[in-house]
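Colleague: got a structure for you, letters missing:
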């Protein structure tokens, strides 16, 4: 295997963080924008986001949730209201204070002092407050419930240390916000969204996740319960890839979201919120990428097949292109994963080999290189991105009769989707350690396997308050966090590693992004 | 006809502006958000926007343009650069000056003085500058051209007088930005986008428009040429519904967008930009709305058919619902306007009559009311939104055999689309006056028909500079503007109404939004 010359200059083993940046750059997914903490999402990265949006949006709509759009700006007073009752209120937000620029008399521009806003506006970091105000207007009676809304939007949280897709000052997301008559109905919606995220991650992103409840110290500020999906990255760290919150009646009280129940009495609504963001793309990179770049699961690949004609700038090109075009048409008429196959015939100028490595780094699932002889003999040369190398270090092209390839193309694409999922699941499962019986053993495990520690599954007694704070502090000293309590994670035996009491539920402990 | 009791309280004739607001409110399309100049777009309004997005995005992608995402924030210095060379630089913009809130010691929150940004950030009013900076990084050689990008985004322009959908501080749009090797290629792209907007408006929005070039005083600041599509609203005013700009090399020079040509020499790119926004929804309302609310062209209707079962809370409901559900399934299996028919079975509690008027006001193209007897006898009762009333003042329900209705449903939906287009086109054409031979005649026309002046088509000599300014001033005194010179608008005879010189091209003059 040493003969392989990988497409990237940095391997995952040598420097995972640098590898991550190189994938993003070489796959032309995103880049620094020159604006602090904000990235430019390039066509390949944005194409993946469009696929994520389309598939997630279909799930959201199928659940009866309706898309809306709420203002980018939120008056400062809305946050002051929230700050009153929310202890962990995050304050790192972009503040708009002026609505006009004016010349400074030296050829430059400055905010016009005459155009100072009476009340500053906050660029939304999340929209509970402004959507809550709308819900209060829209809901009168039990007949209006449940109220199920969602928006696809950009949000801003001022981040000091940013990392593309994982933590950026501006990011794109969807935020679901719902209001219900009672706790049971709101909790059911919270868990429906969680399960939607879990199955979407597994099925569409081919990214195995564990769905569960966050410990109380990790709750969304003001939430009664916060649930998450957690994915294991290839460096063994956890990525919180989506959250769903049951907010109780606290937000409803602050915003005045009330309804008249069937008996004619006024009652507060129970609300939820749930979201996933462009962070998912970071998760996909760190789940499926390899030392040759990204590997995109076919379900979210902007192109599933790229056809590369080996053009020679001679008389043979016309016949070659006609053959490729006919191949493209035959492919797009097929369905894989329930949708028409997405195919690009790459006719750009330049050598096919150079273009091949560009597509390898972008992670397109199938690459077809077609030369004049292939066209003449009805052949195709197929490279599966997830089986890139032969043992002799050469790219693993398989020559196939065109008709055979077409007959198998759908199952090949679907097989890549399931293979990526299976590979990620095996790796995740192989890197969860169980059976540690003491905190010392936990510390030792993470000290020993500092390079690739994976996750530890353990039983605990679900301490709260100061007792939990103590656990969190001790874990923090080891750079560890509690990820979540998996759904159905009860039925555990033995004692709590932290308190010595009988364990009541399972949790995952890990380093995290 | 006097027997008709319309669903709205205000008619178009009595107060067009109030009628417009009532349609938006009664159709539950949007509402004031409590944030100055920003609206909340509700599910029905946002659903129409989603349809516009889907159809327009398909056209954009078919033209080889790739979607990207660029930062919401643009550093002030980028605008200073632009301000240097752009005279008409618009300064009404939201300025971010701080990145943190802090308690004011009195229970409130204020921008933290410690967190003042060194350089203020502007919330994008349009993205030429930040996209230009990216293009300068991406383009090296002629091989990289043309570079065709687009983004779907929110933008902010601080507006003093706002009107929902037509002029809001924040709005949603797409902005295409392209770079080309030379003038001819850039101009071709500018006109391709214009034609895309024209055909989209006519075909998808059923909104007739005139595509043409704006006079020089109406050019986008810094543009060499600005083109628009102009639609006539039912009050006779013009709505600029989309623009496409050929920017020459000015923006490329400011941003450093250069390429090495085939001879190895550095050359400046020629750039374009083009956009349409949520303003289109305002155009749809004022083109197709009537005194009973909105009428949505089927191509952009979130639901094309609504089925209203007349439930009685008795034993018969189950059979009725089963009949309606079967009808729904038969409809969604059909295709109209190239897509599966969109159907909602409205099972919400409440009287069918009340729900009917809700859907009439929302403008859903076909409403089916189904009672127990219809279900038993295989009938449906069909209301076409564009043929709402009988002469006797009753809703124009047509009883039909279910099978016959299903056999005709596709053509019925497509017929509504073309009927709305034909109706709007006749009205537009009937309200364009030609043959005025003097400025006095023009003034007289608009004074006489002040209530519904429509447009005037006339020949002019295309004055420029001070001569044009004079024309603009004279027209402004009559509250008139020059809309555009229609494509292919040459071949005109007679003299220019303003200068007396021989006319060289046609223009449209109108009051406008």
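Modeller: That came in fine, so what should we check first? Here the structure is a predicted model, which means the values were calculated and not measured.
Colleague: Could you list the residues in contact with stretch A:3-22?
Modeller: A:23, A:26, A:163-164, A:234-235, A:282, A:285-286, A:289-293, A:357, A:360-361, A:389, A:392-393 (Cβ atoms under 8 Å, 6 or more residues apart in numbering or on different chains). Yep, even glycine has a C-beta here, placed from its N, CA and C like the rest.
Colleague: Kindly report the same for stretch A:179-191.
Modeller: Against stretch A:179-191 from outside (Cβ under 8 Å, 6+ apart): A:135, A:139, A:142, A:145-148, A:178, A:225, A:227, A:244-248, A:252, A:257, A:259, A:261, A:267, A:269-272, A:274, A:487.
Colleague: quick revisit: sort out for me which of the contacts of stretch A:3-22 are in helices.
Modeller: A:23, A:26, A:282, A:285-286, A:357, A:360-361 (DSSP state H).
Colleague: between those, which has the most around it?
Modeller: In terms of neighbours by other Cβ atoms under 10 Å in any protein chain shown, the ones in helices among the contacts of stretch A:3-22 top out with residue A:285 at 27 neighbours.
Colleague: Looks like that residue contacts residue A:295 (just checking).
Modeller: No. Under the contact definition of Cβ atoms under 8 Å, residue A:285 does not touch residue A:295, with a separation of 9.2 Å.
Colleague: what about burial for the contacts of stretch A:179-191, which qualify?
Modeller: Buried members of these, counted by 16 or more other Cβ atoms under 10 Å in any protein chain shown: A:135, A:139, A:145-148, A:178, A:225, A:227, A:244-248, A:252, A:257, A:259, A:269-272, A:274.
Colleague: So for residue A:474, what's the pLDDT?
Modeller: Residue A:474 is assigned 97 on the pLDDT scale.
Colleague: Please give me every residue in contact with it.
Modeller: Applying Cβ under 8 Å, 6+ apart, we find residue A:474 in contact with A:439, A:498.
Colleague: Which positions in the helix or strand harbouring it come out as buried?
Modeller: Using DSSP states H and E, residue A:474 maps to helix A:465-477. Under the neighbour-count criterion of 16+ other Cβ under 10 Å, helix A:465-477 has A:468, A:471-472, A:475 buried.
Colleague: nearest spatial neighbour of residue A:225, skipping sequence neighbours?
Modeller: residue A:246 (4.5 Å; Cβ to Cβ, 6 or more residues apart in numbering or on different chains).
Colleague: Now find how far off-centre the helix holding residue A:474 is within its chain.
Modeller: The chain centroid and the centroid of helix A:465-477 are separated by 28 Å under Cα atoms, centre = their mean, to the nearest Å.
Colleague: for the record, mean pLDDT for the helix or strand just after it?
Modeller: Counting by DSSP H and E, the element after helix A:465-477 in chain order, helix or strand, is strand A:481-482. The pLDDT scores in strand A:481-482 average 97.
Colleague: what does stretch A:374-385 give?
Modeller: 97.
Colleague: ok, residues contacting it?
Modeller: Residues contacting stretch A:374-385 (Cβ under 8 Å, 6+ apart): A:295-296, A:319-320, A:323-324, A:327, A:356, A:360, A:363-371, A:373, A:395-403, A:405, A:412, A:416.
Colleague: in it, what counts as buried?
Modeller: Those buried within stretch A:374-385 under the rule 16+ other Cβ under 10 Å are A:374-375, A:379-385.
Colleague: which one of these is nearest residue A:507?
Modeller: residue A:385 (35.9 Å; Cβ to Cβ).
Colleague: Give the buried residues for stretch A:213-232.
Modeller: Neighbour-count burial for stretch A:213-232 [16+ other Cβ under 10 Å]: A:213-216, A:218-232.
Colleague: Isn't residue A:282 up against residue A:231?
Modeller: No. Between residue A:282 and residue A:231 there is no contact under Cβ under 8 Å: 10.1 Å.
Colleague: Give me the common contacts of those two.
Modeller: By Cβ under 8 Å, 6+ apart, the residues touching both residue A:282 and residue A:231 are residue A:239.
Colleague: Quick one: the helices in the stretch 201-350 of chain A, in order.
Modeller: A:250-255, A:279-288, A:317-332 (DSSP state H, counting those that start in this stretch).
Colleague: and the end-to-end length of stretch A:114-130?
Modeller: 27 Å (Cα to Cα, to the nearest Å).
Colleague: next one: it to chain centre, how far?
Modeller: 27 Å.
Colleague: Are it and chain B in contact anywhere?
Modeller: Yes. Stretch A:114-130 comes into contact with chain B (Cβ under 8 Å from any Cβ of the partner chain), by way of A:120-123, A:130.
Colleague: Of those, which belong to strands?
Modeller: Counting by DSSP state E, the part of these found in strands is A:120-123.
Colleague: Relative to residue B:62, which of the residues of stretch A:114-130 next to chain B is nearest.
Modeller: When those are compared against residue B:62 (criterion: Cβ to Cβ), the nearest one is residue A:123, at 34.1 Å.
Colleague: Tell me if I'm right that that closest one and residue B:124 touch.
Modeller: No. Under the criterion of Cβ under 8 Å, residue A:123 makes no contact with residue B:124, lying 11.7 Å away.
Colleague: Now do the shared contacts for the two.
Modeller: In contact with both residue A:123 and residue B:124: residue B:72, using Cβ under 8 Å, 6+ apart.
Colleague: For the stretch 151-300 of chain A, which residues score under the pLDDT cut-off?
Modeller: By pLDDT under 70, the stretch 151-300 of chain A has no low-scoring segment.
Colleague: Now do the strands in it.
Modeller: Ranges of strands within the stretch 151-300 of chain A are A:170-180, A:209-213, A:225-232, A:238-246, A:258-260, A:266-268, A:270-277, based on DSSP state E, counting those that start in this stretch.
Colleague: nearest to residue B:447, of the ones you listed?
Modeller: Checking the strands of the stretch 151-300 of chain A against residue B:447 by Cβ to Cβ gives strand A:170-180 as the closest, at 51.5 Å.
Colleague: Of the residues of stretch A:114-130 next to chain B, which pair is most distant in space?
Modeller: Of all pairs in these, the most separated under Cβ to Cβ is A:120 and A:130 at 14.8 Å.
Colleague: show me what contacts the closest residue to residue A:244 other than its chain neighbours?
Modeller: Spatial nearest neighbour of residue A:244, excluding adjacent residues (Cβ to Cβ, 6+ apart): residue A:274 at 3.8 Å. The neighbourhood of residue A:274, defined by Cβ under 8 Å, 6+ apart, consists of A:175-176, A:190, A:193-194, A:197, A:242-245.
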